[in-house]
Structures are given as structure tokens and as C-alpha cells.
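Student: For reference, the sequence and a predicted model appear below.
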Amino acid sequence: MKVDRRTLLVGGGAGLGLALAWAVWPRSQGAVLRPAKGTMLLGAGIAIDLEGRVTIAIPQVETGQGSWTGLAQLAADELGAAWERVAVTPGLPSVLWANRLAGEQGWLDAAGLSDAIGGDERWLRITAGSTSIRALGEVMRDLGASARALLLAEAGKRWDVDPAECDTSGGNALHEGKILPFGTLAEGAAQRALGKAPRRTSVGALAGRSLPRLDALPKANGTLRFAADVRLPGSLFASLRLARAQGRAVVESAAPAGISFEKGETWIAAIAADWWAAEAALAKARIRTFGPAGGDDSAIEAALDAALAAGDADVLHERGDVEEGFGGLRPLTAEYSAAAALHLDLEPPAATARLADGLLEVWASTQAPEALRHAVAAATGTDLTRTMLYPMPVGGQGGRALENDVAVIAAQLAQRTGKPVQVQLSHAEQVRSDPVRSPLKARLMARSLPDGRIAAWRMRLAGDDGTAAAMRRLLGGESAGFRSTAVPLLPYAIPALRIEAVSAGLPIRTGYHRGDLLGPMTFFSESFIDELARIGGRDPLSVRMALLGGNPRLARCLIRATALGGWDGGGAGSQMGVAVASVLGSHIALVASAGVGSDGRVAVSRLVAAIECGRVVNQALVRQQIEGGLIAALAIATAPAPQFRHGQVLAPRTLPAPGLRAQPEILVEMLPSRAAPGGVNGLASAVAAAAVGNAIAAGTGRRLRSLPFDPMSR
């Protein structure tokens, strides 16, 4: 496999921007795309060659969520390009790519880093939290509109007409029956500069359509390269054993012939001419990893119980006076829990590093390229301007790639050996060292009124904010506890409400997970809403509708989902459950048909979802995200919980992902909307477990208050 910087299609490091004299963005920012030979740069991030092929710089990492396609579709729509002639490439570092929505969600605040970065928004190049389209969609539209304006200016000159009278479509400039392909205009257009902000098109031919994914074919035929596919001349290969949370690692045996052992404070690496030899050497070696005393299941349970009972809480959401709402009466109370959840990524963590002539290059899958580049530079003592990180596609949406500690180790090994080194974890080590979604416990209290309304609601949560922990490990700093955005606000009109959280200081490594804490948090609240409805002898649907007077978008979803799902009232023995959520700027209602099979396990036969997520860029992408999110959430909710010993996961033989034959029938309907686009990546995971749990309660009369579900537990 021939590998160079062009064929890898990867972004570069600081100082690689190509400064252009054009007026839409500041000159100091420069371009975010380096055009190939024979290709003309039109604006900051779109290039067109003489054959009319369009290359669009993309700010986000492709993790399977379709961001390459969705963001390129917005830019191509404004440009008037032909979709079959569009390609993408990761953009160079720039403040243009700042994911300010992630900043508003407190990603850097959670690690105590807002002041440390000195306002440098390049740190906010983050692909996570269902923010890609919402945060950067308008930036991509501006890129397309700017390139279009330059092309029309050139076309207007050639036709001797006002450019405002011209249009673009299908990769051509048009005027009263005359056509000029983009390729014939590119060279002249690239010499032009914009004097004012470009005019956007009112209606394009591409946005909103279910266009084919740009990464689908290369994934299908194996030509899309992931971090483990990189091959550099003279490269060595390494496998790792990682210490437990807050621990260290030592090796007590000598390396076999042809193998060398390298040691870090928290890791042991075997280096060989091929990865299999390195992994085999580690398997035979005597390696001891030390972790915190008591980092097992009972210690985790005790820490959660202690935090739930008597810890200093952060108030995340509050309105009204809860104690006054309780009216001196004893509220209905229930406790819920969710065990830690493993990532379901297909790709094992991997990275390749090379240090030559003072230039450190790292190829890694990462959801935070600029932050990881800083971490690599700091760990090796390399000047930041001589540190280049190439963000590779991520083989899964679980979230471990947010921090990618393997990339830092690969850079350190390349520095020690003086040769390129590729590091990859085995599947077993991937699971053992997984930074899991935090286990949680919650105590919920509510006072229901005779008419079904809720006068007051209080939730106390105990656990850890894994995203904050991941950002702290990646960037340093002190954790600021739970982010309010990690815990969704109830979508109901409850006059008195208080949601508070206590950091439990768990003796395990927690991290970012797809959907963050939306799944367990919605499971807690939607299950309790269901309990309140059934205690009052009311239809769970009618209770929710009565509480959604201030949320008409979610009410529409609920009406449509129950109609499509054939809602039967959810009475005793119905085996149907419902759950709703308003998160990420989107809304979803889910009706689940589920029960307990003859084997004592949860069996889900049908899931019907109605969503309203604002203006949809690509319906096929949204459908894939909802269907995939439901399947992933069901896998986590029904597979055995991971067990821990000394702060480390006891690795199962396989990840808990069921096969296709075990999947339920899934129906998804998108409701039309003119609202701003909302996030969808974590939307389905918010409601899946709650709807299934409510269905089981209807069918069996038994409320399962813990995730994953265990119908046989007492």
C-alpha cells in the first residue's frame, strides 16, 4: 500500500494554512484546504479542478454518523455542484472549524480548561455530542456560497452580463440557455476576490435529499483507510498492556529474541517487526498492573450509595420551589440505577507515529484532533509547530476515540526507537481498558395531583461525568463536576423541579459514550413518569400529553408514534410502552412492543419512532442514526453488565452486540419542520431503554428499575 500525505487525505498541523488574499475570512486565518496540482482553490475550503471535480474541506471526523456527507451536502448545495463529482478531505486546523456549540455545552469547562487555553478556539474542533450539523452547517453553506459567487463572477465576465443574473446547477454556470462547466471557470474564478459576504441560494437541488454517503463505497470495498491501515517504510509494530484506573504497570520477565519491551508509568509495550509477534510476547510475559484498592463491583456500588445519600450536590436544573410543591406531603419515591456501559466500537484503538528531522507526525482516529495534537506534543516535548496530527476516520461511534491515549504512546515509542511505530490494542485489551460510560444511581421524588399533573419533581443523581473525565485526561486540568448539559431537562410542564448531581469519585476509568448520559437519565425519568401514571390509574399516553402543553413539537411526535405503533392504552398485559425526549435540539417519541421470553430474557419485537429534528439535510443519514442508535441502546440495555476488579474491566470474549436476526422490526418517521437542524446521533439512545422497560411493566406488572434489564432478578 503506497502511503503519502496526499493519498491519506489527512489534515495537517499548525502553520500549514495557505494564506490567500480574499475578503470573506481574515487573511491570518488562511485556507483550510491545500489544493492538489491542477486544482484551483475557490475561497477557504473548496477546490475545483479543470475537469470540474469538486473537493470540499470537512471540519469533522467521520465516525460513521455521516458528517462527511451531511456537511459536504450543505456546501455542494450552495455551490450548485453535481453530487457525483464531489469529494471530501479533512480540513487543515483553523478557528473556522471551532465547534462553539461544544463550547456552550461545557466540554472545556468540564475539564477546567476554559482559562488555560487562552481563548484559542482551535481547541474546539470536536466531533461529538450530535453537534456537527448544528455547529458547522452554516459555515459549510458559506464555503459553498463563496465559491459559487467567484464562479458566477467569472461567468458574468465571459458572457458580459451581471453575475446576479446567472445561476449554478449540476456543476455548471447557467444564463438564459448558456452553460459553462465549473472546470472551465475554475482558473479564472480562483484569481478573483470577494468584496462582500456571498449571497446564499434560497432553494438548492441537494439539501434535504437522501443522497448516497460519500464514505459508503470505500468502506464497502475496503479502500477507506483507518488508523490501523497506515503503513510507513521501516515501521515497527507494538501491542500494549494498560494499567488499571489510577494505576501503574510493570513487566517482570525478559523480552524474547526479536522483541523489545518499553515501559511507561501506566503501560507496557512489546515492539516487533509485526503486531502478532508483539501481542504474542505480551501474552507470554509476566506483567502486573496495579490499580486502586477496592476497585471492584462492591466498591463501585458503595461509592454510588454514599454519594446518593450524603454528597455535596451540583444543582443542574431548577425552577420553582420544590419543597413548597410537595406541600408538606410525603412524595412518591423510587430509586433507579444504570450499570457501566462498554463501547461498541468495531475498530480497535490504533495509531501510527513517526519522528524524523524534528517533525513529529501522528496518524490517529480522534474526535478532538487539535486537543490530541497538543497532548502528543506535551508528552514528547516536541514543539507544537513541529507536531502534525492526521485525523483518520473512526471505526465506530462508541466514543473512545475522543481521548485516544494510544496515539500519545505511539508518539513516545517513535521518539524512543527513532523509527515509525504503529500501536494497536488487542480486542481483549480494548475491553479491559475501556473508559466506560459511568454507572449511575438516582433517587426520584414527585407529587402527583388528582388530575394527573405533577406539582413537584426532584431527582438526585450519583455517578461521574465521563466526558469531563475524558477531557481532563486528554488536556489536563481539574474536573468541574457534572455539566448541566450532560443531564437533560425534563420536557414536561412541571412548575417546581430540581435536578442535582453528586460526583461519586468512582475507582474506575469513565469516559465519553455515544449519547453521553441521555440514555440512563431518560430511562430514570420516563420510567418514573410511567409509574406515576399507573399508580394513578391513567393511560401513560394521556398523562404525557397533559404535561406537554408547552412543548408542541414533542406532542406531535408522541401523537404520531402512538398512531403508527397502534397504541392500545398501555394497560395491564398490553406489552406496549412509550417514552419521549426533547434533547439535542430535537424531539422523539418511541413506542416499544416488548416482553419477557421463555428463556427469561427481554424480547423486543417492534420499535416505532416519530422524530422532529428541524430541517433535515439528508433523510437517509437521519434514519440510519435513529435505527443504529436504537440497536446499540438495546444491546447495552439487554447485555450483561461489565464487571470490575481492581479498577479494570473483566473482559468478556465478545462485545455485547446481537446479530441481525435478533433485531426487532423498526419503523421511523420524520416529521417535517422548518426549525433549525437538531442533533440526532444520541437521540434514539435516549428513549430506547425507557420505552422497553415501560412495555415490560405493562405486560408483566413488574417494574425493572435497573439497567441492564434482568427480569429474573428480585
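Tutor: Good, I have the coordinates. Numbers count the residues shown, from 1 in each chain.
Student: Residue 275: what's its closest spatial neighbour, skipping adjacent residues?
Tutor: Nearest residue to residue 275 in three dimensions, chain neighbours excluded: residue 237, at 4.2 Å (Cβ to Cβ, 6 or more residues apart in numbering). Yep, even glycine has a C-beta here, placed from its N, CA and C like the rest.
Student: Any idea how many residues pack against residue 370?
Tutor: 25 (other Cβ atoms under 10 Å).
Student: Could you report the pLDDT at it?
Tutor: Per-residue confidence at residue 370 stands at 89 (pLDDT).
Student: So it sits against residue 121, correct?
Tutor: No - if you go by Cβ atoms under 8 Å, residue 370 and residue 121 don't touch, sitting 9.5 Å apart.
Student: Any buried residues in stretch 493-504, and which?
Tutor: Residues 494, 496-504 are the ones in stretch 493-504 that count as buried (16 or more other Cβ atoms under 10 Å).
Student: Let me fix that, I meant to ask about stretch 263-283.
Tutor: For stretch 263-283, by 16+ other Cβ under 10 Å, it's 264, 266-272, 275, 277-282.
Student: In strands only, show me the residues you listed.
Tutor: 264, 267-272 (DSSP state E).
Student: just these now: which is nearest residue 404?
Tutor: Proximity of these to residue 404 (Cβ to Cβ) peaks at residue 267, which lies at 13.6 Å.
Student: Please tell me how far stretch 439-447 is from the chain's geometric centre.
Tutor: Remark: stretch 439-447 is offset 26 Å from the chain centroid, using Cα atoms, centre = their mean, to the nearest Å.
Student: Next, count neighbours for the spatially closest residue to residue 161 that is not a sequence neighbour.
Tutor: Computed as Cβ to Cβ, 6+ apart, the closest residue to residue 161 that is not its neighbour in sequence is residue 175, at 6.0 Å. Here the number of neighbours of residue 175 (other Cβ under 10 Å) works out to 18.
Student: Spatially nearest residue to residue 51, not counting backbone neighbours?
Tutor: residue 183 (5.1 Å).
Student: what about the one you found, how many residues close to it?
Tutor: That count, for residue 183 with other Cβ under 10 Å as the rule, works out to 18.
Student: quick one: which helix or strand includes it?
Tutor: Assigning secondary structure by DSSP states H and E places residue 183 in helix 182-190.
Student: That helix - what's its average pLDDT?
Tutor: On average, helix 182-190 scores 95.
Student: next one: phi and psi at residue 180?
Tutor: phi -130, psi 120 (degrees, to the nearest 10).
Student: who's it bridged to?
Tutor: residue 173 (DSSP bridges).
Student: so residue 385 sits in a helix?
Tutor: Yes - according to DSSP: H, G, I helix; E, B strand; the rest coil, residue 385 belongs to a helix.
Student: Please parse the chain into its domains.
Tutor: 5-221, 227-291+349-424, 311-342+435-707 (automatic domain parsing).
Student: Dump those into JSON lines; add distance to residue 713 as well.
Tutor: Formatted as JSON lines, the domains of the chain follow (distance: least, Cβ to Cβ, whole Å):
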{"stretch": "domain 5-221", "distance to residue 713": "33"}
{"stretch": "domain 227-291+349-424", "distance to residue 713": "26"}
{"stretch": "domain 311-342+435-707", "distance to residue 713": "7"}
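Student: in the stretch 401-550 of the chain, which spans are helices?
Tutor: According to DSSP state H, counting those that start in this stretch, the stretch 401-550 of the chain carries its helices in the segments 405-417, 427-432, 466-475, 518-535, 540-547.
Student: Out of these, which is closest to residue 490?
Tutor: Short answer: helix 518-535, nearest of the helices of the stretch 401-550 of the chain by Cβ to Cβ, at 5.8 Å.
Student: Now do the closest one against helix 540-547, angle only.
Tutor: Helix 518-535 and helix 540-547 are oriented at 100 degrees to each other (axes from the mean of the first three to the mean of the last three Cα atoms, to 10 degrees).
Student: Kindly export helix 518-535 (C-alpha atoms) in PDB.
Tutor: The C-alpha coordinates for helix 518-535 follow below in PDB (Å, rounded to 0.1, in the frame of the first residue of the first chain):
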ATOM      1  CA  LEU A 518     -29.000  10.700  27.800                       C
ATOM      2  CA  GLY A 519     -29.900   7.000  27.800                       C
ATOM      3  CA  PRO A 520     -29.800   6.300  31.600                       C
ATOM      4  CA  MET A 521     -31.200   9.700  32.500                       C
ATOM      5  CA  THR A 522     -34.200   9.400  30.200                       C
ATOM      6  CA  PHE A 523     -34.700   5.800  31.500                       C
ATOM      7  CA  PHE A 524     -34.900   7.100  35.000                       C
ATOM      8  CA  SER A 525     -37.300  10.000  34.300                       C
ATOM      9  CA  GLU A 526     -39.600   8.300  31.700                       C
ATOM     10  CA  SER A 527     -39.900   5.100  33.800                       C
ATOM     11  CA  PHE A 528     -40.900   7.200  36.800                       C
ATOM     12  CA  ILE A 529     -43.400   9.200  34.800                       C
ATOM     13  CA  ASP A 530     -44.900   5.800  33.700                       C
ATOM     14  CA  GLU A 531     -45.000   4.700  37.400                       C
ATOM     15  CA  LEU A 532     -46.900   7.800  38.400                       C
ATOM     16  CA  ALA A 533     -49.400   7.300  35.600                       C
ATOM     17  CA  ARG A 534     -50.100   3.700  36.500                       C
ATOM     18  CA  ILE A 535     -50.300   4.400  40.200                       C
END
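Student: Just give me the residue closest to the centre of this structure.
Tutor: residue 128 (3.5 Å; Cα atoms, centre = their mean).
Student: got the contact list for that one?
Tutor: 102, 107, 367-368, 399, 402, 467, 512 (Cβ atoms under 8 Å, 6 or more residues apart in numbering).
Student: for it, phi and psi?
Tutor: phi -170, psi 170.
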